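> Sequence and computational prediction follow.
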Amino acid sequence: ETGVTQTPRHLVMGMTNKKSLKCEQHLGHNAMYWYKQSAKKPLELMFVYSLEERVENNSVPSRFSPECPNSSHLFLHLHTLQPEDSALYLCASSQDRPRNTGELFFGEGSRLTVL
Amino acid sequence: AQSVTQLGSHVSVSEGALVLLRCNYSSSVPPYLFWYVQYPNQGLQLLLKYTSAATLVKGINGFEAEFKKSETSFHLTKPSAHMSDAAEYFCAVSAYSGSARQLTFGSGTQLTVLP
């Protein structure tokens, strides 16, 4: 496989469910990101991991819990979500060091619907 | 802090006509600038990037953009639109936040190509 792979592509869950989104990158990068894309809103950066350490958490509610076990894998654990959390969740990766232009490589996204 | 403004959330052009998507940025340091394209139900794909080399940047699918520091602009153009260009386009600016370089995205411009 090449690039950034996200699973599942589509997920429907109730507000009391617990589920996880998975992202895997095959590019040898050392930074990974979660973005939220809602209709009519700009892309929202949720979490950044650089060298497997979280470096940014943009005041995301605690019902979203990221996990980055190594530089190739990133998870987003979901529990007790709200209907307004329905969105496309995009994973991305980049090469953070030695020289990072900021260019991101995106997966195809996981479409989440919360009932 | 950096920001991006995309003028026009929707742009319509006829097939074969010039495509012009506008982007203005604000950055306290010399920026790196990007244009991404998103087709329906897919992630974002890099079209082109400016990283302080040539000010006129050529990208994939016949697109190009010109960095104009005096105007703080990075407009995206294509001489002749194809039906396959219909998609959403995002301008982004990159700067360091803490130890990681991060992208800030504009709100996006939906391009419609009319037959």
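It's in.

> Poorly predicted segments of chain B, please.
By pLDDT under 70, the weakly predicted segments of chain B are B:97-101.

> That one: strands as residue ranges?
For chain B, the strands defined by DSSP state E cover B:3-7, B:10-14, B:19-26, B:32-38, B:44-50, B:56-58, B:64-68, B:73-78, B:87-97, B:100-105, B:109-114.

> Enumerate the beta-bridge partners assigned to the closest residue to B:L20 other than its chain neighbours.
Of all residues not flanking B:L20 in the chain, B:T77 sits nearest, at 5.4 Å (C-beta to C-beta, 6 or more residues apart in numbering or on different chains). Placement of C-beta: from N, CA and C, glycine included. Here B:T77 sits in beta bridges with B:L20, B:E64, going by DSSP bridges.

> list the contacts for B:T77?
B:18-21, B:63-66 (C-beta atoms under 8 Å, 6 or more residues apart in numbering or on different chains).

> Heading C-terminal from the helix or strand of chain A with the lowest mean pLDDT, find the next helix or strand.
The least trusted helix or strand in chain A, going by mean pLDDT, DSSP states H and E, turns out to be strand A:53-57, with a mean of 78. The element immediately downstream of strand A:53-57 (helix or strand, assigned by DSSP states H and E) is strand A:64-70.

> Does anything pack onto that next one? Which helices or strands?
If you count contacts as 3 or more C-beta pairs under 8 Å, 6 or more residues apart in numbering or on different chains; DSSP states H and E, strand A:64-70 packs onto strand A:44-50, strand A:73-79.

> mind listing what's buried in stretch A:68-87?
By neighbour count on 16 or more other C-beta atoms under 10 Å in any protein chain shown, the buried set for stretch A:68-87 is A:68, A:71-72, A:74-76, A:78, A:81, A:85-87.

> And stretch B:75-89, by the same measure?
Going by neighbour count (16+ other C-beta under 10 Å), the buried part of stretch B:75-89 is B:75-76, B:78, B:81, B:85-89.

> Touching, B:Q45 and A:F106? I think so.
Yes - counting by C-beta atoms under 8 Å, B:Q45 touches A:F106, with 7.2 Å between them.

> between those two, which one's more packed in?
Of the pair B:Q45 and A:F106, A:F106 is the one with more neighbours under other C-beta atoms under 10 Å in any protein chain shown, namely 23 against 15.

> so how far is chain B from the more buried one?
4 Å (C-beta to the nearest C-beta, to the nearest Å).

> Model confidence score at that residue, please.
We note a pLDDT of 95 for A:F106 in this prediction.

> go on, A:E84?
Reported pLDDT for A:E84: 93.

> Looking at the helices and strands packed on strand A:64-70, which is nearest to B:T51?
strand A:44-50 (19.2 Å; C-beta to C-beta).

> Sheet partners, orientation included, of that closest one?
Here strand A:44-50 has these sheet partners by DSSP bridges: strand A:31-37 (antiparallel), strand A:53-57 (antiparallel).
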